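Visitor: I would like to see how this sequence folds:
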Amino acid sequence: MKHENSVIAILGAGTMGRGIAQVAALAGYRAHLFDVSAAALEKAVATVHRSLDKGVSLGKVEPQLADAARSNLHGHASLEATVEDANLVIEAVPEVMRLKIETFAEVSRHAPKEATYASNTSGLSITEMAGASDRPERFAGMHFFNPVHLMKLVEIVRGLETSQETLELITQVAQKMGKETVLVNESPGFVTSRINALIGNEAFRMLETGVATAEDIDKALKLGLNHPMGPFEMVDLVGLDIRLSILEHLHHTLGESYRPSNLLRQYVKAGRLGRKAGKGVYEYS
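Guide: Below is the predicted model of the structure:
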C-alpha cells in the first residue's frame with residue numbers, strides 16, 4: 001500500500017468513524033466515509049469540518065493542512081462507492097458481531113482483492129470476523145480511542161491468521177496518523193477495554209453501595225491515581241450501553257469478575273446512556 005493518495009474507507013459515521021476519518025484525511029489519505037443514514041453522514045462531515053476549524057483557531061492545525069483534509073474527506077451513501085478503490089477498509093459500526101460480519105461480507109463483494117481490512121472493535125473477536133471474510137491473513141484489529149483526534153494510542157490486534165505484512169501495514173498507517181501503537185494478541189477485551197471495564201464496573205459497585213459519591217470517586221482516581229478522567233466521566237463519554245455490552249461479552253468469555261453491576265444495568269434501562277443522551281451518571285445541558 002502506497003501511503004500517498006491511498007484510499008481509506010471508513011464504515012460508520014458515528015463518533016469513532018468520523019474521528020478516524022478526520023485523522024486519516026489529515027494524514028493525507030483520501031478518506032471515504034460511509035453510513036446507512038444520510039443524516040448521520042451529513043452530521044459527521046460537518047463535525048469534522050468544525051473540529052478542523054477549531055484546530056486552526058487554536059493553532060494546533062496548519063490552515064493548509066486543514067484545507068487539504070477537507071478536500072480529502074468524502075461522504076458516501078453507497079457502500080460500493082466507498083470501498084471500490086479502497087486500499088484499507090476500517091469498520092466502525094456498532095459492537096454487534098453479526099452486524100460486523102454482515103458488513104465485511106458486503107465489503108468483500110465490492111472492495112479490491114488486495115485491500116486490507118481492519119475492525120475498530122474494542123473487544124470482539126478479530127479471528128471470528130476474519131474467518132467470515134475472504135482474506136483472514138489481511139485482517140487485523142485497529143482499536144482507536146475517543147476522541148480519536150486527541151488520543152494517541154491505537155491497539156493493533158493480531159488474529160489467528162493475521163500476517164506479519166498486514167500488521168506492519170496497519171502499524172505504518174496508524175503512525176502516519178500520528179498515533180503510538182501497541183501490538184496485542186487477540187484476547188477478549190484486548191488490553192485497555194479489559195482493564196478499563198474492571199475499573200468502571202467496580203466504580204459502579206462502590207456507587208451502588210454508598211462508598212462515595214460519583215464526584216468523589218472520579219476525583220479520587222484523578223488526583224490519587226493520576227487518571228486524566230474519572231471512571232464515571234469516562235463511561236459517560238464512551239456510552240453506558242457500550243460499556244454494558246463490553247462487560248457482558250467479558251463476563252461471558254472471562255468469568256464472574258466481569259459481571260456487570262446492577263446499577264449500570266438500571267441506568268441503561270432508564271435511557272441514561274451518557275453524554276449522547278444528555279444524561280448518564282451526570283447530567284449534561
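Visitor: going along the chain, name the helices of the stretch 101-250 of the chain.
Guide: Listed in chain order, the helices of the stretch 101-250 of the chain (DSSP state H, counting those that start in this stretch) span 126-131, 164-176, 192-208, 214-224, 231-238, 240-254.
Visitor: tell me what the second one is packed against?
Guide: Helix 164-176 makes packing contacts with strand 88-91, strand 116-119, strand 139-143, strand 153-158, strand 180-185 when contacts are defined by 3 or more CB pairs under 8 Å, 6 or more residues apart in numbering; DSSP states H and E. Placement of C-beta: from N, CA and C, glycine included.
Visitor: tell me the angle of the last one relative to strand 153-158?
Guide: Spelled out, it's strand 180-185. 30 degrees (axes from the mean of the first three to the mean of the last three CA atoms, to 10 degrees).
Visitor: which strands border strand 180-185, and is each parallel or antiparallel?
Guide: Next to strand 180-185 in the sheet, as set by DSSP bridges, lie strand 153-158 (parallel).
Visitor: for the strand it pairs with, buried residues please.
Guide: By 16 or more other CB atoms under 10 Å, the buried positions in strand 153-158 come out as V154, E155, I156, V157, R158.
Visitor: number of nearby residues for the residue nearest to the last one when sequence neighbours are not counted?
Guide: With sequence-adjacent residues excluded and distances taken as CB to CB, 6 or more residues apart in numbering, R158 is closest to N185, at 5.4 Å. Other residues within reach of N185, judged by other CB atoms under 10 Å, total 11.
Visitor: can you tell me how far N185 sits from L160?
Guide: 9 Å (CB to CB, to the nearest Å).
Visitor: looking at the buried residues of strand 153-158, spot the one nearest E202.
Guide: Set against E202, the nearest of the buried residues of strand 153-158 by CB to CB is E155 (22.0 Å).
Visitor: got phi/psi on K279?
Guide: Backbone torsions for K279, taken as degrees, to the nearest 10, come to phi -160, psi 130.
Visitor: what sits closest to it if chain neighbours are left out?
Guide: R272 (5.1 Å).
Visitor: CA atoms of stretch 253-266 as CSV?
Guide: Extracted in CSV, the C-alpha atoms of stretch 253-266 (Å, rounded to 0.1, in the frame of the first residue of the first chain):
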residue,chain,number,x,y,z
THR,A,253,-15.7,-15.1,28.0
LEU,A,254,-13.7,-14.4,31.1
GLY,A,255,-16.0,-15.1,34.1
GLU,A,256,-17.6,-13.6,37.2
SER,A,257,-15.1,-10.8,37.7
TYR,A,258,-16.7,-9.0,34.8
ARG,A,259,-20.4,-9.5,35.8
PRO,A,260,-22.0,-6.0,35.1
SER,A,261,-23.2,-4.1,38.2
ASN,A,262,-26.9,-3.9,38.8
LEU,A,263,-26.7,-0.1,38.9
LEU,A,264,-25.1,0.1,35.4
ARG,A,265,-27.9,-2.2,34.0
GLN,A,266,-30.5,0.1,35.7
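Visitor: list of residues touching it?
Guide: The contact list for stretch 253-266 (CB atoms under 8 Å, 6 or more residues apart in numbering) reads 188-189, 194, 197-198, 201, 204-205, 207-208, 240, 243-244, 247-248, 250-251.
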